[in-house]
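S.K.: structure for the following, please:
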Amino acid sequence: MTTKKSNITKYPSTLITVATCNLNQWALDFTGNLERILQSCVEAKRQKASYRLGPELEICGYGCEDHFLESDTFMHCWESISELFERGATDGLLCDFGSIVLHNGARYNCRVLCRDRRVLLIRPKMALADSGNYRESRYFTAYRPFRA
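M.R.: Numbers count the residues shown, from 1 in each chain. Okay, the predicted model is just below:
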């Protein structure tokens with residue numbers, strides 16, 4: 001009788017710690033929102049997390065309504081991300097921020113993934129909430145992948 005060796009030890013798994021947060025964000029309170037995001041990053045690092053996942057639209061706040069149509073709202077979001085970089089929030093931590101992004105004249109509700117003071121990926125929302133109390137398509141464009 002022969003025994004077959006398992007390949008389990010050949011590819012050891014790596015455990016990661018994921019920090020999720022539910023922040024008390026306010027529409028257009030960029031300073032307060034920034035401080036709460038920064039504190040959540042500090043706490044995620046303290047807990048030795050590798051990945052920090054924040055809520056949707058955490059930088060500007062969810063209920064901005066028609067302010068989503070104003071260009072300075074987008075500018076303030078990028079200023080907040082820049083401040084998070086300057087204050088070391090993303091140093092050694094993959095941060096997934098919820099923010100708005102303006103690209104080629106289209107407004108997107110996005111996930112902005114950052115680490116070590118760099119933007120690694122911007123992922124626009126592909127399916128918008130448009131039922132019940134939600135009218136996301138009033139403010140945002142659903143991302144459609146380019147098809148050649």
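S.K.: where in the chain is pLDDT low?
M.R.: Flagging of the chain using pLDDT under 70 yields the residue ranges 1-12.
S.K.: can you give me the strands for it?
M.R.: 18-20, 51-53, 94-103, 106-115, 118-124 (DSSP state E).
S.K.: tell me the strands beside the fourth one, with direction?
M.R.: If I follow you right, that is strand 106-115. Applying DSSP bridges to the sheet, strand 106-115 is found paired with strand 94-103 (antiparallel), strand 118-124 (antiparallel).
S.K.: other residues contacting that strand?
M.R.: Applying CB atoms under 8 Å, 6 or more residues apart in numbering, the external contacts of strand 106-115 come out as 56-57, 68-69, 74, 81, 84-85, 90, 92-102, 119-125, 128, 136, 139-141, 143. No exception for glycine: its C-beta is placed from N, CA and C like everyone else's.
S.K.: show me which parts of stretch 80-91 are buried, residue by residue.
M.R.: For stretch 80-91, burial by neighbour count (16 or more other CB atoms under 10 Å) applies to Ser80, Ile81, Glu83, Leu84, Phe85, Ala89, Thr90.
S.K.: pull the CA atoms of it into PDB?
M.R.: The C-alpha coordinates for stretch 80-91 follow below in PDB (Å, rounded to 0.1, in the frame of the first residue of the first chain):
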ATOM      1  CA  SER A  80      -9.100  64.700   1.700                       C
ATOM      2  CA  ILE A  81      -7.400  61.700   0.200                       C
ATOM      3  CA  SER A  82      -4.200  63.800  -0.200                       C
ATOM      4  CA  GLU A  83      -4.500  64.800   3.500                       C
ATOM      5  CA  LEU A  84      -4.900  61.100   4.400                       C
ATOM      6  CA  PHE A  85      -1.600  60.400   2.500                       C
ATOM      7  CA  GLU A  86       0.200  63.300   4.200                       C
ATOM      8  CA  ARG A  87      -0.900  62.100   7.600                       C
ATOM      9  CA  GLY A  88       0.300  58.500   6.900                       C
ATOM     10  CA  ALA A  89      -3.100  56.900   7.000                       C
ATOM     11  CA  THR A  90      -2.200  54.500   4.200                       C
ATOM     12  CA  ASP A  91       1.300  53.700   5.300                       C
END
